[in-house]
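# pasted the sequence and its predicted model underneath.
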Amino acid sequence: MNRSDWVAAGMIAVVALVAATAPMLLSHSRPACLDPDAPAPHDGMVWIPSGDYVEGDTLYPEEGPFTPVHVKGFWMDRHEVTNGEFARFVAATGYVTEAERPADAKANPGIDPDLLQPGAMVFVMPERVHGMEDISQWWHFVPGANWRHPAGPGSSIEGKENFPVVEITHADALAYANWKGHALPTEAEWEWAARAGDPHPGDDHDQPKQANTWQGIFPVLNSGEDGFVGLAPVGCYGASKYRLFDMFGNVWEMTADLFRPRHGDPAGPDEMPRMGAGARYTIKGGSFLCAPNYCVRYRSGAREGQEADLAASHLGFRTVVRGKQPSP
């Protein structure tokens, strides 16, 4: 769904509901879990070597078909971009995220002007659900929700500088990456980095053991056995062979690629005009909302399409730098 679909469907959550359930979204303040390794040539990044692998998986239709891929080496952020890092970008540039601005009426034709107000999607744990098809039972469009107030007015990121930034859109992520002189990873780059050198699909199906995911019955019961109910600070779980943290779980991560239902599908004639607002981009890795009974996308081959202009409380990103391999 795009923003117009959500708002037209009447999914405006009241601020009181969000304030009451905000603890379900954000764990209480805790120190960063990331271990402070010595800086890399690109500070906070690690080198991902070139390689060949088979892209894709078989759990959901959009994960196929298996496709041979070659990836050139590149630098990648060790962890998701944090609130603190994004705040420094905003302080330096004065950037205002899309969730902090009124929505574009041209991109949402026919919508009530009162519903074009700034806001974002917020997960609110329901007490009960009636089936799993209607995701409006736990997702709400909340006016006033943004990266500074990820559960809506009354919520805050104070003391959570080391948590991944959320409630940002594809354009916001690109703006940050461009400011750093970085880029968003392609889907192939992201998946290769998540594989950590393993060329074979399906070998990371046990990743929830090393990730912030949902334990229990989604969306009504989360035991928090992994230490968090909601977001976790970056780097709380074991690093991969490539020294990357949180490639699975915690937050979905944006890529640079438009989403197509199958690997290798040719670009449609209307795709180029749809880049930007209204387009859907590929996201990878799953989030803290993925559970054995729902989503199950905490795998390298998993993928989904995300509306470019719709910010959400389970969506973040990391960046890459394409360049030469470091000296030994």
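Cool, got the structure. Numbers count the residues shown, from 1 in each chain.

# alpha carbons only: can I get stretch 297-312 in PDB?
What follows is stretch 297-312, C-alpha atoms only, in PDB (Å, rounded to 0.1, in the frame of the first residue of the first chain):
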ATOM      1  CA  ARG A 297      12.500 -13.100   6.400                       C
ATOM      2  CA  TYR A 298      15.600 -13.000   8.600                       C
ATOM      3  CA  ARG A 299      17.500 -14.700   5.800                       C
ATOM      4  CA  SER A 300      20.000 -13.400   3.200                       C
ATOM      5  CA  GLY A 301      17.700 -14.500   0.300                       C
ATOM      6  CA  ALA A 302      14.600 -12.900   1.700                       C
ATOM      7  CA  ARG A 303      13.300  -9.700   0.200                       C
ATOM      8  CA  GLU A 304      10.300  -7.400   0.200                       C
ATOM      9  CA  GLY A 305       9.100  -4.300  -1.600                       C
ATOM     10  CA  GLN A 306       8.700  -1.100   0.400                       C
ATOM     11  CA  GLU A 307       7.000   2.100  -0.700                       C
ATOM     12  CA  ALA A 308       9.700   4.700  -1.200                       C
ATOM     13  CA  ASP A 309       7.800   7.600   0.500                       C
ATOM     14  CA  LEU A 310       6.300   5.700   3.400                       C
ATOM     15  CA  ALA A 311       8.400   5.700   6.600                       C
ATOM     16  CA  ALA A 312       7.900   2.900   9.100                       C
END
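
# helices along this protein, start to end?
With helices called from DSSP state H, the chain shows them at 3-8, 15-25, 83-93, 170-180, 187-195.

# report the distance from the top strand by length along the chain to the chain centre.
If you go by DSSP state E, the chain has its longest strand at strand 252-258. Taking C-alpha atoms, centre = their mean, to the nearest Å, the mean C-alpha location of strand 252-258 is offset from the chain mean by 8 Å.

# list the buried residues of it.
Residues of strand 252-258 classed as buried under the neighbour-count rule (16 or more other C-beta atoms under 10 Å) are 252-258. Backbone N, C-alpha and C define where each C-beta goes, glycine included.

# which one of the helices of the chain has the lowest average pLDDT?
For the helices of the chain, mean pLDDT drops lowest on helix 15-25, to a mean of 40.

# who touches stretch 191-208?
Contacts of stretch 191-208 from elsewhere in the structure, counted by C-beta atoms under 8 Å, 6 or more residues apart in numbering, are 48-49, 51-58, 66, 69, 71, 76, 185, 226, 240-242, 244, 247-249, 284-285, 290, 292, 298-301.

# what about residue 176, distance to residue 147?
Residue 176 sits 11 Å away from residue 147, taking C-beta to C-beta, to the nearest Å as the criterion.

# common neighbours of the two, please.
In contact with both residue 176 and residue 147: 86, 168, using C-beta under 8 Å, 6+ apart.

# so, low pLDDT: which residues of the stretch 201-328 of the chain?
205-209, 267-278, 326-328 (pLDDT under 70).

# what ranges does it have for its strands?
Per DSSP state E, counting those that start in this stretch, the stretch 201-328 of the chain carries strands over the ranges 252-258, 280-284, 304-307, 315-316, 320-321.

# in TSV, list the ones you listed along with distance to residue 131.
Below are the strands of the stretch 201-328 of the chain laid out as TSV (distance: least, C-beta to C-beta, whole Å):
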stretch	distance to residue 131
strand 252-258	23
strand 280-284	25
strand 304-307	20
strand 315-316	24
strand 320-321	40
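
# which stretches of the stretch 51-200 of the chain form strands?
All strands of the stretch 51-200 of the chain, identified by DSSP E, counting those that start in this stretch, fall at 51-55, 67-71, 74-77, 119-123, 139-143.

# any idea which of the ones you listed gets closest to residue 109?
strand 139-143 (17.5 Å; C-beta to C-beta).

# what packs against that closest one?
Here strand 139-143 touches helix 3-8, helix 15-25, strand 119-123, going by 3 or more C-beta pairs under 8 Å, 6 or more residues apart in numbering; DSSP states H and E.

# can you give me how far that strand is from the chain middle?
17 Å.

# where's the closest residue to residue 236 other than its chain neighbours relative to residue 244, distance?
Leaving aside its sequence neighbours, residue 236 sits nearest to residue 33 (C-beta to C-beta, 6 or more residues apart in numbering; 3.4 Å). Applying C-beta to C-beta, one obtains 14 Å for the distance of residue 33 from residue 244.
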